[in-house]
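> make a model of this:
(one chain, ligands or ions: 3)
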Amino acid sequence: MRPRELLAARRARIVFDTAGAFRRKTGRVVAVDDISLGLCENETLALVGESGSGKTTLGLGMLGLRSLSSGEVVWRDRALSSLDRDGWRTFRRDVQVVFQDPYGSLNPRHTVARILRRPLELLGAGARSEIRDAVADVLERVGLKPAHLYLDRHPHEFSGGQRQRIAIARALVLKPRILVADEPVSALDASIRAQILELLIALKVHLGLSMLFLSHDLGVVRLIADRVAVMYRSRIVEIGPVADIFTRPRHPYTRLLLAAAPTLRPDSIPEAVKAVIGTREGDHGEWPASGCSFAPRCPIRRQVCSKVPSLEPAGAAHEVACHAAGEDRN
Ligand SMILES: Nc1ncnc2c1ncn2[C@@H]1O[C@H](COP(=O)(O)OP(=O)(O)OP(=O)(O)O)[C@@H](O)[C@H]1O
Ligand code: SF4
Ligand SMILES: [Mg+2]
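Ligands and ions are numbered 1, 2, ... in the order given. Prediction:
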């Protein structure tokens, strides 16, 4: 039986108008193109792709923070577009987010206690004593204990790793079931990164979370993900169980990525590989008007690639969008 999807994009498309001088509309960027993707109960689904591929835009769309140009986001079988006020309140409790930058995402003027109380107060959750207990509990869950040592301090009094723990605590204080984590460890040093990853893995197990984890970093993804979706220029080109993606990648782009570098940060990809996969953020000039968007760089493209490939099954729970995926090249 297919596991239950808690949060899903259905044929989601997000298009931005780009503005030139005097805010005149000059063009359009299709940041998310016809994506269907479901996050299942208790799983970590990683979305990987180079800078500008559309990960954050899709994540914001699934959080209801970015309008879709077409398609739908479905949460627990309900379309976000159909939610009433109460529905949105429940959604906001159930689905939380952690961003990359623990410096920018915490208000520097507020104490930790205030930062963590705020989501509970906004949703009118409980009496003062309950809120106090919930705040202390969540702080200890993220490893800042005993909580009373931290509650009255401000974000600037913490290290980057501690700040990210506070950001995670803020996301968890409402006891969500779904966490969207957008590059949550990429601003941290390697040793701190490992600690925060361990924390996220432990929290996921103990709290029964489902996590949509957006990342450049294939090493991190390999550690944390159950399933991996590879995004290339606004589309999912391959999706499957983490072991399959890393040991039997089927899409030429996934193969190149795995061969290229442990991380997809532009500064870590060798120049020779950049030339093949392309890494320039926002560079949409070379996209073909139709057909597979990877075709200009694909070493095995053929005539049929002038048609857009759709995701097709390529093994158990594994799907690939490539006309050549049926050819076994392993
Ligand atoms: N508000 C916006 N207005 C116009 N274009 C945008 C906007 N937000 C994103 N884009 C464009 O949409 C595309 C996808 O951007 P997005 O931030 O989702 O990529 P990303 O995969 O998260 O990249 P990164 O790894 O650098 O965070 C990019 O070309 C970006 O320039
Ligand atoms: S569809 Fe064609 S161009 Fe696109 S990745 Fe597959 S072989 Fe390459
Ligand atoms: Mg991003």
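
> ok, for F99, nearest residue in space, not its chain neighbours?
With C-beta to C-beta, 6 or more residues apart in numbering as the criterion, F99 has its nearest non-adjacent residue at 4.8 Å, and that residue is S105. In short, each C-beta sits where N, CA and C put it, glycine included.

> residues of the protein that sit close to ligand 3?
K55, T56 (C-beta under 5 Å from the ion).

> element containing whatever residue of the chain ends up closest to ligand 3, please.
The minimum distance from the chain to ligand 3, using C-beta to the ion, falls at T56 (3.1 Å). Here T56 is covered by helix 55-62, with elements defined by DSSP states H and E.

> who's in contact with that helix?
Residues outside helix 55-62 that contact it (C-beta atoms under 8 Å, 6 or more residues apart in numbering) are 7, 9, 12, 14, 31-32, 35, 37, 39, 47-49, 66-68, 73, 95, 97, 180, 182, 212, 214-215, 231.

> same check on stretch 239-252?
Stretch 239-252 is contacted from outside by 37, 46, 218, 221-222, 225-230, 237-238, 254-255, 257-258, 294, 298-300, 311, 314-322, 324-325, 330, using C-beta under 8 Å, 6+ apart.

> any part of it near ligand 2?
Yes - against ligand 2, stretch 239-252 shows contacts by C-beta under 6 Å from any ligand atom at P252.

> what is the mean pLDDT for that stretch?
Across stretch 239-252, the average pLDDT comes to 95.

> next, the distance between the ends of it.
Start and end residues of stretch 239-252 are separated by 13 Å (C-alpha to C-alpha, to the nearest Å).

> buried ones in that stretch?
Neighbour counts over stretch 239-252 (16 or more other C-beta atoms under 10 Å) mark I239, G240, P241, V242, D244, I245, F246, R248, P249, R250, H251, P252 as buried.

> got the residue ranges for the helices in the stretch 51-200 of the chain?
Using DSSP state H, counting those that start in this stretch, the helices of the stretch 51-200 of the chain run over 55-62, 85-94, 112-122, 128-141, 160-172, 190-207.

> hmm, Q162 is touching L149, no?
No - in this structure, Q162 is not within contact of L149 by C-beta atoms under 8 Å, at 11.4 Å.

> who's more crowded, those two?
Applying other C-beta atoms under 10 Å to Q162 and L149 shows that Q162 carries more neighbours, namely 20 against 10.

> which pLDDT value goes with that one?
Q162 carries a pLDDT value of 94.
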